[in-house]
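Novice: What follows is a predicted structure for the sequence shown.
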Amino acid sequence: MPLSEHEQHLLEQLEKQLHEDHKFASSMKSNASPGGFSTRNIAIGALVGVIGIVVLLVGVSNQWIPLGVVGFALMCVGVYAAFSKSALGRVGRGRAKNGAQKSSFMSDLESKWEARHRDDH
C-alpha cells in the first residue's frame, strides 16, 4: 500500500531531521561496532560459559544442587557476555545524561504524532 502525500512529506521531514541531528548521529556511530560483536566479549563470555559448564557438571555429578545452580548461572552470564554488544563495556553510558533531557528532535516527533492523532479523530 503506497504512502499518502502527507505521510511521504512526514517521512521526508523525518529523514532530513535525522541527517541534521549531529548528536544523534554521533551517538549511533559510537554505539555501532563495525564487525558486529566484540571479540573480547565473545572470548570472555566463552571462558565464563565453559567454567559454568564445568561447575555445573561437578555439581550434578556430586549431587550438590547449589553448585549446579551456580554453574548454570555462570553459563547464562557467559552467554549473555558473549552475545551482548555492551555487556562488558558501555553499560548505562550516555543514558544517564541524555535520558533526563529530551532532544528537540524527539519533541518535534512527539508533537507531530499528537497533532496527527488529533487530526485523525
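Specialist: That came through fine.
Novice: State the distance from the most far-flung residue of the chain relative to its centre to residue 84.
Specialist: Residue distances from the centre of the chain (CA atoms, centre = their mean) peak at residue 62, which lies 39.0 Å from the mean C-alpha position. With distances taken as CB to CB, to the nearest Å, residue 62 is found 32 Å from residue 84. In this view, the C-beta of every residue, glycine as well, is placed from N, C-alpha and C.
Novice: How about residue 24?
Specialist: Remark: distance between residue 24 and residue 84 (CB to CB) = 23 Å.
Novice: so what pLDDT did the residue farthest from the centre of the chain get?
Specialist: With respect to pLDDT, residue 62 scores 92.
Novice: residues of the helix or strand where residue 119 lies that come out buried?
Specialist: If you go by DSSP states H and E, residue 119 is part of helix 104-120. Neighbour-count burial for helix 104-120, counted by 16 or more other CB atoms under 10 Å, picks out residue 109.
Novice: what packs against that helix?
Specialist: Under the contact criterion of 3 or more CB pairs under 8 Å, 6 or more residues apart in numbering; DSSP states H and E, helix 104-120 touches helix 5-20.
Novice: What number of residues are in the vicinity of residue 22?
Specialist: Here the number of neighbours of residue 22 (other CB atoms under 10 Å) works out to 8.
Novice: can you check residue 42 too?
Specialist: The local packing of residue 42 (other CB under 10 Å) involves 14 other residues.
Novice: The closest residue to it other than its chain neighbours: which element?
Specialist: Here the nearest residue to residue 42 in space, its sequence neighbours aside, is residue 82; by CB to CB, 6 or more residues apart in numbering that works out to 4.8 Å. Secondary structure here is read from DSSP H and E; on that basis residue 82 sits in helix 65-83.
Novice: Fine, thanks again, bye for now.
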